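Undergrad: Can you look at this prediction? I've put the sequence above it.
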There are 2 protein chains.
Amino acid sequence: MDHLIEKTLSKKTIFEGKVIDLHIEEVELPNGKPSTREIIKHPGAVAILAITDENKIVMVQQYRKALEKVIVEIPAGKLEKGEKPKDTARRELEEETGYICENLAPLTSFYTSPGFADELVHVYLAKGLSKKENPASLDEDEFVDVLELTIEQAITYIKEQKIHDAKTAFAVQYLQLQQALGE
Amino acid sequence: MDHLIEKTLSKKTIFEGKVIDLHIEEVELPNGKPSTREIIKHPGAVAILAITDENKIVMVQQYRKALEKVIVEIPAGKLEKGEKPKDTARRELEEETGYICENLAPLTSFYTSPGFADELVHVYLAKGLSKKENPASLDEDEFVDVLELTIEQAITYIKEQKIHDAKTAFAVQYLQLQQALGE
């Protein structure tokens, strides 16, 4: 696959933020010509498909400034420095929903926007949920409402574009597939 | 849902690129406190789940500089200014794979990274494929290999993380679901 690879000629940091960094890289294309790539560096994230004993999906409703609107998503959050994804998943589930879980298993992982960003989302399946009495609190800049949806409600939310992001669409489809397979 | 909304206090453009722009927004949180948001503006994109008459999925293998590796994805591309998503889908399918299609139907759409970016991906299902004799060529900075995978091969590629991005994971799972439903 060497005929596809781009060599880095130089790299310039444009911005270093609390969530993302922006680099511009000058590259040599496979045909030897120069080009530039705009690249967002992201610490990576987790998302949690948490299913209650009543077979409902735990979701959070929150305002997303990038979209200028409120959408409904499965709980998710950034990896803190040095934190293992599974620990991030437990932490974010508790902080965002007040739930702790008996079983937490890795489901899959995916890059969200490989064209310009290195963000990798680790998706976990959480079962055996119970509400914690004094759960860890949200980050200072986070405000969410917790919802519990049946799979049918989640599918309706997708049609209505109340659910409208990749990780949540994947998670709902995953449950539809398990249901169709009778698992 | 007004209790979740963040008000914009000020907006600063840090970078304007050929693919993405970066803004920093000062916001007032729902509790009245100030915070900042790092926001990537993106023109939006399409992705095409193209199925051959032999029931294979058309994929492209390409180097992603943000990831520093080659991955396999369904064909995709950015919206050009003023271009309708369906036209982008036809154009990208032809440019990246040499295929034109009889049927092109919208499947879904999703935001890829609502935490920091407004990128919306419109996903289309393309059927009735035929190879065009002199297809439109790729962008100057694009180099791809075309692959045609069975659903079983695609599932193996996901396990091996050769397929490792959200839109392609969604597309493969969509086909698994259709198969499980007998559609």
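TA: Right, received. Where do you want to start?

Undergrad: from here on, contacts and neighbour counts on C-alpha atoms
TA: Will do.

Undergrad: Please identify the helix or strand for residue A:25.
TA: According to DSSP states H and E, residue A:25 maps onto strand A:21-28.

Undergrad: Need the mean per-residue confidence for the helix or strand just after that strand.
TA: Remark: after strand A:21-28, the chain's next helix or strand is strand A:34-41, criterion DSSP H and E. If you average the pLDDT over strand A:34-41, you get 98.

Undergrad: what angle do strand A:34-41 and strand A:21-28 make?
TA: 160 degrees (axes from the mean of the first three to the mean of the last three Cα atoms, to 10 degrees).

Undergrad: Report the distance from strand A:34-41 to the chain centre.
TA: Relative to the centre of its chain, strand A:34-41 is centred 23 Å away, using Cα atoms, centre = their mean, to the nearest Å.

Undergrad: Can you list the buried residues in that strand?
TA: Going by neighbour count (16 or more other Cα atoms under 10 Å in any protein chain shown), the buried part of strand A:34-41 is A:36, A:37, A:38, A:39, A:40, A:41.

Undergrad: how near is the fourth one to chain B?
TA: In other words, residue A:39. Separation of residue A:39 from chain B (Cα to the nearest Cα, to the nearest Å): 6 Å.

Undergrad: That residue bridge partners, please.
TA: Beta-bridge partners recorded for residue A:39 (DSSP bridges): residue A:23.

Undergrad: and the lengthiest helix in chain A, does that touch chain B?
TA: Looking across chain A with DSSP state H, the single longest helix is helix A:166-180. Yes - judged by Cα under 8 Å from any Cα of the partner chain, helix A:166-180 and chain B are in contact via A:166, A:167, A:169, A:170, A:173, A:174, A:176, A:177, A:180.

Undergrad: One more: stretch A:125-137?
TA: No - Stretch A:125-137 lies out of reach of chain B by Cα under 8 Å from any Cα, never closer than 14.8 Å.

Undergrad: what's in contact with that stretch?
TA: A:48-53, A:91, A:94-96, A:98-107 (Cα atoms under 8 Å, 6 or more residues apart in numbering or on different chains).

Undergrad: Give me the buried positions along it.
TA: Buried, per 16+ other Cα under 10 Å, within stretch A:125-137: A:125, A:126, A:127, A:129, A:135, A:136.

Undergrad: With pLDDT and secondary structure added, can I get those in JSON lines?
TA: Shown next, in JSON lines, are the buried residues of stretch A:125-137 (pLDDT from 0 to 100; DSSP: H, G, I helix; E, B strand; the rest coil):
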{"residue": "A:125", "pLDDT": "98", "secondary structure": "strand"}
{"residue": "A:126", "pLDDT": "98", "secondary structure": "strand"}
{"residue": "A:127", "pLDDT": "98", "secondary structure": "strand"}
{"residue": "A:129", "pLDDT": "98", "secondary structure": "strand"}
{"residue": "A:135", "pLDDT": "87", "secondary structure": "coil"}
{"residue": "A:136", "pLDDT": "88", "secondary structure": "coil"}
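
Undergrad: which of the residues you listed lies closest to residue B:118?
TA: Closest approach to residue B:118 among those (Cα to Cα): residue A:125, at 26.4 Å.

Undergrad: which residues does residue A:30 contact?
TA: Residue A:30 neighbours (Cα under 8 Å, 6+ apart): A:3, A:4, A:5, A:6, B:143.

Undergrad: Look up how far residue A:64 lies from it.
TA: Computed as Cα to Cα, to the nearest Å, the residue A:30 to residue A:64 distance reads 38 Å.

Undergrad: same deal with residue A:175?
TA: Going from residue A:175 to residue A:64 by Cα to Cα gives 25 Å.

Undergrad: Looking only at neighbour counts, state which of the two leads.
TA: residue A:64 (20 against 17; other Cα atoms under 10 Å in any protein chain shown).
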